[in-house]
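1. Could you look at this predicted model? Sequence included:
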Amino acid sequence: MTTRAVRVNQLGYPAGWPLRATVVTDVDRPRAWALRDPAGRTTAAGTTRPHGLDRAAGEVVHTLTSPPVSGEGTGWKLVVDDVESPPFALGRAAADAYRTLAADAARFIGLQRSGTLVAGRPAGHVDVPPNRGDGSVPCKRPDCPRRRFLLGCRGHDLRGGWYDAGDHGKYAVTTAVTVWLLQHAAERSGDTQLLDEARWGLEFLLDAQLPLTDPQAGLVFHAVHDVRWTGLPMRPDQDPEPRMARAPSTAATYGLAAVAAQAARVWEVHDPAFAGRCRTVSDIAWRAATHHPVVYATVAEANGTGGGPYDDDDVRDERYWAAAELAALTGAEEYRYAMLQAGLDPIEALRTGFDWRSVVPLGLLTQALSSGWTAASAATTARAALATVGSELLATIDAQGHGTPYAPDDGHYGWGSNARVLAHALTLGAAADHTGDHRYFAGELACLDHLLGRNASGVSQVTGYGTRAASRPHHRFYAQAVDPSYPPAPPGVVVGGPNSGLEDPVAAAELATAPPQKCWIDDPGSWATNEVTIGWNAALAVVSGHVAARLSLPVLTVGCARSARPAVRRGPVRRSAGSRGTPGRGRTAGHAAPARARCSRRPRRPSTARATATTARSPW
Ligand SMILES: [Zn+2]
């Protein structure tokens, strides 16, 4: 009968919210837990709740939920039966760490830029040997107007954009999702840095759209990548493989239609000329995709090449997404009709969460934003869907030993399961904003608890965040784990995470008998569990940025509602004062610091930046 591990969010826990953790123990009765400050003094205590077998983790565990946290600083530990958790931060230090994480997560997308000097790394794929692209990348289309007799396509200028993952492929569908996430966050927070990064990806999509002189005018190239796979390590500018443009696809084209419509909206105040161009481009893309409704990217096309297939033979959801963005931009009935005609169930799509192949939730999140842009009924319906699925996710989080919102019916963890957790976190965060119900925000925090260490590996899935954190991702440039002359992974990068498919040889050899949530290995050879992508990191940037922004909102602290000054609130922030700590309101005695300590904190006013942001139309 032993207690073996105490698993916590190694980043930490912000003030006013409970500390949630998982204890691996085969003792069946509740165990005493103690929260210790950096000097080793116990500042709060309680008992665990036996959970039983956590099937995903393959372990018998207890869970614990503390009263709202009131400590400050770093180096705190949770102790159960003399077993210590890794250290974590509390209070302001945790909130600040979320802000840093949001910046780091967004910065990584910039580090994935192709075609430009990045943080001292030479520009990749700008036709400087040994690179062979991307200034003129040939396609294989028999009717390409740039085709020369017997010599094939002369090539297309596809420089720029982002490398999608640990290799040098650039994919329109994942670029579109990344652009959308960054623009969505910028739209809600007013952060123009995110908008600038989004534009880098959007400009690539604009370049990948075929000109009006082409038989497939308006369609978008699906991808550009190497003809053969390269190995690790490999700096982008040293990639010697020829490049190839994958045939245009309807999915990629709807992706451009969606993010260009979104860009037309969010750029309107910053750069009206660019916004106008995006509006035109979106319209052209929408018409082109409607005219070529079934041009699918296939597995066969990618077979034997150096790129992933990113195949998709159901583009109803991409059409829905583009229609939702165009409806939000123009208000035209045509697009609302197209959304209905797609015949998709938004609630079902939200339950699964978005990825590059399933994008209904993105359209739904835009629809939910404001009745000022869309029909009030569409916004109401979208918000109701977010609340419904948000409540289901809360139940799932509570039912699982490690507090994950991800619980596939067959128990099989899929590729990029960490991104699924982030997709659910996005749903919960939006539900919190649109309903004002603090429980959804607690759920969003729980998702981050899980990723940042409260999981079956006990390892933070984000590089640089936690004393036990992923540090050896599958990446050709951040490849210090395979070659010391290469740089280590930058901080704030989320790895793919547990994947019971075990599609790579390292995972297959090391994890064959592991339960689903332990099907992860911090090894650069495991691309199926330990690769990184721009889309996953964009989701991390959005979620951690949302959390940081909400934590910095001027709300009254727990127990101080009557004595403190009224907080300044601008814009449609519908959260009531004191809601941040409501889960444990009035239950602080004996566990947390005295109420006096919390009341001494004055309500914070928004900084200038926040004030700008909160005058925006969203409750971010
Ligand atoms: Zn061509």
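-> Perfect, thanks for sending it.

2. going forward, measure contacts between C-alpha atoms and count neighbours the same way
-> OK.

3. secondary structure element for the closest residue to the ion within the stretch 201-350 of the chain?
-> Of all residues in the stretch 201-350 of the chain, Ala245 sits closest to the ion, at 7.8 Å by CA to the ion. Counting by DSSP states H and E, the secondary-structure element that holds Ala245 is strand 243-249.

4. still on that earlier bit, I'd guessed the residue of the stretch 201-350 of the chain closest to the ion sits against Val227; true?
-> No. Ala245 is not in contact with Val227 according to CA atoms under 8 Å; the separation is 9.4 Å.

5. Which one's more surrounded, those two?
-> Of the pair Ala245 and Val227, Ala245 is the one with more neighbours under other CA atoms under 10 Å, namely 26 against 16.

6. ok, the more buried one - contacts?
-> 137-140, 221-225 (CA atoms under 8 Å, 6 or more residues apart in numbering).

7. Then Ile284?
-> If you count contacts by CA under 8 Å, 6+ apart, then Ile284 has 218, 257 around it.

8. What segments of the stretch 101-250 of the chain are helices?
-> 172-189, 192-207, 250-266 (DSSP state H, counting those that start in this stretch).

9. so which of the ones you listed is the most packed in?
-> helix 250-266 (a mean of 30; mean count of other CA atoms under 10 Å).

10. Work out the gap between that helix and the centre of the chain.
-> 19 Å (CA atoms, centre = their mean, to the nearest Å).

11. angle of that helix against strand 243-249?
-> Using axes from the mean of the first three to the mean of the last three CA atoms, to 10 degrees, the direction of helix 250-266 lies 80 degrees away from that of strand 243-249.

12. Right, and the ion sits closest to which residue of the protein?
-> Cys139 (4.1 Å).

13. State the pLDDT value of that residue.
-> As summarised for this prediction, Cys139 has a pLDDT of 97.

14. got it, and Arg596?
-> 30.

15. before we move on, the earlier item: joint contacts of Ala245 and Val227?
-> If you check Ala245 and Val227 against CA under 8 Å, 6+ apart, no residue is contacted by both.

16. Domain ranges for this protein, per the record?
-> Listed domain ranges for the chain are 3-94, 95-549 (source: automatic domain parsing).

17. tell me the pLDDT at the residue of the stretch 201-350 of the chain closest to the ion?
-> Reading off the model, Ala245 has pLDDT 98.

18. do you know how far it is from Gly307?
-> 10 Å (CA to CA, to the nearest Å).

19. Identify the contacts common to these two.
-> His225.

20. List the contacts of Val60.
-> Val60 neighbours (CA under 8 Å, 6+ apart): 24-26, 51-54.

21. before we move on, what about Ala32?
-> 45-48, 80-81.

22. Tell me which residues touch Leu206, please.
-> Contacts of Leu206 by CA under 8 Å, 6+ apart are 256, 281.

23. For it, give me the pLDDT.
-> 98.

24. try Pro619
-> 40.

25. Also Pro309?
-> 96.

26. Residues of this structure that sit close to the ion?
-> Counting by CA under 5 Å from the ion, the chain comes close to the ion at 139, 144, 153.

27. Output the below-cut-off pLDDT ranges for the stretch 351-500 of the chain.
-> 370-375 (pLDDT under 70).

28. Tell me how far Cys139 lies from Ser485.
-> Applying CA to CA to Cys139 and Ser485 gives a distance of 35 Å.

29. same check, this time on Gln461
-> Relative to Ser485, and taking CA to CA, Gln461 is found at 24 Å.

30. quick one: low-confidence ranges for the protein?
-> In the chain, residues with pLDDT under 70: 1, 370-375, 554-620.

31. Centre-most residue in it?
-> With distances taken as CA atoms, centre = their mean, Ala539 lies nearest the centre of the chain, 1.5 Å away.

32. how about that residue, secondary structure?
-> Here Ala539 is helix, with the state taken from DSSP: H, G, I helix; E, B strand; the rest coil.

33. pretty sure it is touching Val421, no?
-> No. In this structure Ala539 lies outside contact range of Val421 using CA under 8 Å: 9.8 Å.

34. these two touch, right, Leu511 and Gln517?
-> No. Proximity of Leu511 to Gln517 does not meet the contact threshold set by CA under 8 Å, at 10.7 Å.

35. which of those two has more neighbours?
-> Gln517 (24 against 18).

36. Relative to His62, how far out is that one?
-> Following CA to CA, the distance that separates Gln517 from His62 is 17 Å.

37. what's the answer for Gln112, then?
-> Relative to His62, and taking CA to CA, Gln112 is found at 40 Å.

38. Could you tell me how many residues sit around the residue nearest to Leu212 when sequence neighbours are not counted?
-> Spatial nearest neighbour of Leu212, excluding adjacent residues (CA to CA, 6 or more residues apart in numbering): Gly218 at 6.7 Å. Using other CA under 10 Å, Gly218 has 29 neighbouring residues.

39. what do you get for the one 3 residues further on?
-> One way to gauge burial is a neighbour count; for Phe221, by other CA under 10 Å, it gives 27.

40. Look up phi and psi at the residue lying farthest from the centre of the chain.
-> Going by CA atoms, centre = their mean, the residue of the chain most distant from its centre is Phe149, 45.7 Å out. Backbone geometry at Phe149, expressed as degrees, to the nearest 10, gives phi -50, psi 120.

41. Buried subset of the contacts of Ala32, written for PyMOL?
-> With 16 or more other CA atoms under 10 Å as the criterion, this PyMOL line picks the buried residues out of the contacts of Ala32:
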select buried, resi 45+46+47+48+80
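
42. could the contacts of Ala32 go into JSON lines alongside distance to Pro491?
-> Below are the contacts of Ala32 laid out as JSON lines (distance: CA to CA, whole Å):
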{"residue": "Ala45", "distance to Pro491": "33"}
{"residue": "Gly46", "distance to Pro491": "34"}
{"residue": "Thr47", "distance to Pro491": "34"}
{"residue": "Thr48", "distance to Pro491": "33"}
{"residue": "Val80", "distance to Pro491": "30"}
{"residue": "Asp81", "distance to Pro491": "33"}
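
43. out of the contacts of Ala32, which one sits closest to His450?
-> Nearest to His450 out of these is Thr48 (CA to CA; 17.7 Å).

44. Which helix runs longest in this structure?
-> helix 376-399 (DSSP state H).

45. How about exporting it as PDB, limited to the C-alpha atoms?
-> Provided in PDB are the C-alpha atoms of helix 376-399 (Å, rounded to 0.1, in the frame of the first residue of the first chain):
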ATOM      1  CA  ALA A 376     -29.000  37.500 -33.300                       C
ATOM      2  CA  SER A 377     -30.500  34.100 -33.600                       C
ATOM      3  CA  ALA A 378     -27.300  32.600 -35.100                       C
ATOM      4  CA  ALA A 379     -25.200  34.100 -32.200                       C
ATOM      5  CA  THR A 380     -27.700  32.800 -29.700                       C
ATOM      6  CA  THR A 381     -27.700  29.300 -31.200                       C
ATOM      7  CA  ALA A 382     -23.900  29.200 -31.300                       C
ATOM      8  CA  ARG A 383     -23.600  30.400 -27.600                       C
ATOM      9  CA  ALA A 384     -26.100  27.800 -26.500                       C
ATOM     10  CA  ALA A 385     -24.100  25.100 -28.300                       C
ATOM     11  CA  LEU A 386     -20.900  26.300 -26.500                       C
ATOM     12  CA  ALA A 387     -22.700  26.200 -23.200                       C
ATOM     13  CA  THR A 388     -24.200  22.800 -23.800                       C
ATOM     14  CA  VAL A 389     -20.900  21.200 -24.800                       C
ATOM     15  CA  GLY A 390     -19.100  23.200 -22.200                       C
ATOM     16  CA  SER A 391     -21.200  21.600 -19.500                       C
ATOM     17  CA  GLU A 392     -20.600  18.100 -20.900                       C
ATOM     18  CA  LEU A 393     -16.800  18.800 -20.900                       C
ATOM     19  CA  LEU A 394     -17.000  19.900 -17.200                       C
ATOM     20  CA  ALA A 395     -18.700  16.500 -16.400                       C
ATOM     21  CA  THR A 396     -15.900  14.700 -18.300                       C
ATOM     22  CA  ILE A 397     -13.200  16.600 -16.500                       C
ATOM     23  CA  ASP A 398     -14.700  15.700 -13.100                       C
ATOM     24  CA  ALA A 399     -15.200  12.000 -14.100                       C
END
